[in-house]
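> Just to be clear, the model below is a prediction. Sequence and coordinates:
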Amino acid sequence: MKRSTDSETRAYKELGNTIIDEKQIEVALADRKHDKTAVREVLAKARALQGLDLSDMATLAHISDPELLGELFDTATKVKESIYGKRLVLFAPLYISNLCGNECLYCAFRAKNKELKRRALTQEEIAAETGILINQGHKRVLLVAGEAYPGEGFSYILKSIKTVYSVKSGQGNIRRVNVNIAPLSVDEFVQLKGTGIGTFQLFQETYHRETYDRVHRGGKKRDYEWRITAMHRAMKAGIDDVGIGVLFGLADWRFEILALMQHIRHLEREFGVGPHTISVPRMEPASGSRLAEQPPKPVDDLDFRKIVAILRLAVPYTGIIMSTRETPAMRRETFALGVSQISAGSRTNPGGYSTDEDFYSEQFCLGDHRPLDEVVNDAASLGYIPSFCTACYRLGRTGRDFMDLAKPGDIKDHCNPNALSTFVEYLTDYAPEGTRRAGEEAIRSVLADMDERTQARSVTMIQEVRAGRRDVFC
Ligand code: SAM
Ligand code: SF4
């Protein structure tokens, strides 16, 4: 991507150096409190939905006592339920290209990986993949690409987004395209916004500078400051739903979550609003990557659950995304601890929805191979409402407007009816009988727990969908 003039380069380098303060993180981790009283004070603060500071997070990150761990998980579950209720937003990744000029040692798409079959989808192929996802029942996709675009350069991405939005199949279409692509300049972000994207997502991978330099060995991604300032440029360009994340397994996870919080607070100070979502990818084996086979700082399952719980308490109003990197069992556990969005039925190879065999071009190995319908059935059987809602950004409830609604808890009045109406749409148009039964049961139970006003609104919207109207939202 273009980096413009020397003074602009100096400016992003300077900004990039003000976001993370490694010393402050080290001090917070070293000075953490150990006693039960201190831990319980932090949990009480979290229960009041006040968020956490670095020192609170350091205290929770070191809990090992089983009784306190139970209290941590229990608090996270309560906070999750009080803000998000039972809804769980679903999406599918759409990998359009695995061409890449970078050399990230953990990724199969890295430039020097000769084992990988390279492929950039044509617009016709992107339309075909989109059609398949629509016919499964998806309404949201996350468009993903490596950092090298075929022929026409960046406009390949812009065209691809337009293609996804243009596809209609039966009564369905994709209503929200989020993107996970390399950092852009402000001008390019303006063009990206013009295509009508939802969230711009980008993971710093690791905030730990020395580790970052060690694992990013070539290409534009070597530039730590260009990457860490990407969200500032996106917000400057008017994209106010941004998603950040860490690739867990590269550096100490405790350091990473405190650094993630510094990134969040920096955005809040500059723009009055933090990220819309946080992703928590854990490193998976990837073809041609020895590093991914043996992550330098592996995160075990217990610590992974702690990460989700602590983030849920630290930023209660920010969505947490769990991908199909994780197994069905881990995904189920983390729904309760704070996850609010999940991918389902994913493929990580370009063209992966059209063919079942071509795994030589995939990015990493999946932990959850189940098709969308099985994931929906499972979530509904656990009492969750799988949501295909895309209302907020289409109504302009993004960034600060979204947070202003979310903080006093008002967003639930919209989210829950929207989750129910889009779920009924899914059950009517795409689900087999077994899923329909599990879904109707979950809907009954969620409706029964609602306050009168939200219940009445939900019932009206559900009736409209049952009568044949589509895309009913409030
Ligand atoms: N190329 C762009 C970039 O790097 O930001 C965007 C797409 S990249 C395919 C999306 C994400 O995949 C990366 O940010 C990284 O966190 C994740 N990833 C790469 N290798 C992985 C692995 N072995 N296991 C799990 N996630 C991985
Ligand atoms: Fe390329 Fe992104 Fe993979 Fe790095 S993580 S090699 S930038 S696709």
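Yes, it's here. Ligands and ions are numbered 1, 2, ... in the order given.

> Pull the contacting residues for the spatially closest residue to residue 287 that is not a sequence neighbour.
Nearest non-adjacent residue to residue 287, counting by Cβ to Cβ, 6 or more residues apart in numbering: residue 108, 4.7 Å away. C-beta here means a position set from N, CA and C on the backbone, and glycine is covered the same way. Each residue near residue 108 by Cβ atoms under 8 Å, 6 or more residues apart in numbering is listed here: 98, 115, 116, 286, 287, 288, 289, 292, 362, 363, 364.

> Dump the residues you listed into JSON lines; add distance to residue 335 and secondary structure as well.
Output for the contacts of residue 108, formatted as JSON lines (distance: Cβ to Cβ, whole Å; DSSP: H, G, I helix; E, B strand; the rest coil):
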{"residue": "98", "distance to residue 335": "30", "secondary structure": "coil"}
{"residue": "115", "distance to residue 335": "35", "secondary structure": "coil"}
{"residue": "116", "distance to residue 335": "33", "secondary structure": "coil"}
{"residue": "286", "distance to residue 335": "26", "secondary structure": "coil"}
{"residue": "287", "distance to residue 335": "30", "secondary structure": "coil"}
{"residue": "288", "distance to residue 335": "33", "secondary structure": "coil"}
{"residue": "289", "distance to residue 335": "29", "secondary structure": "coil"}
{"residue": "292", "distance to residue 335": "26", "secondary structure": "helix"}
{"residue": "362", "distance to residue 335": "25", "secondary structure": "coil"}
{"residue": "363", "distance to residue 335": "24", "secondary structure": "coil"}
{"residue": "364", "distance to residue 335": "22", "secondary structure": "coil"}
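
> Is there a quick ChimeraX command that grabs whichever of these are buried?
Entered in ChimeraX, the line below selects the buried ones among the contacts of residue 108, by 16 or more other Cβ atoms under 10 Å:
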select :98,116,286,287,289,292,362,363,364
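
> tell me the two of the contacts of residue 108 that are most distant?
Spatial extent of the contacts of residue 108 (Cβ to Cβ) is set by the pair 98 and 292 at 15.1 Å.

> Around ligand 1, which positions in this protein sit nearby?
Within reach of ligand 1 by Cβ under 6 Å from any ligand atom, the chain has these residues: 106-107, 109, 144, 146-147, 180-182, 202-203, 205, 247, 281, 283-284, 286, 292, 325, 363-364.

> coming back round to it: in terms of pLDDT, where does the residue nearest to residue 287 sit?
On the pLDDT scale, residue 108 is placed at 96.

> same check, this time on residue 367
We have a pLDDT of 87 for residue 367.

> Pretty sure it sits against residue 284.
Yes. Using Cβ atoms under 8 Å, residue 367 makes contact with residue 284 at a distance of 7.0 Å.

> more neighbours, these two?
More crowded of residue 367 and residue 284, by other Cβ atoms under 10 Å: residue 284, with 23 against 16.

> how about residue 179, secondary structure?
In three-state terms, and counting by DSSP: H, G, I helix; E, B strand; the rest coil, residue 179 is strand.

> what about it, neighbour count?
Residue 179 sits with 25 neighbouring residues when counted by other Cβ under 10 Å.

> Spit out the contact partners of it.
Applying Cβ under 8 Å, 6+ apart, the residues contacting residue 179 are 142, 143, 144, 157, 161, 192, 197, 199, 200, 201.

> Thanks again, I'm all set now.
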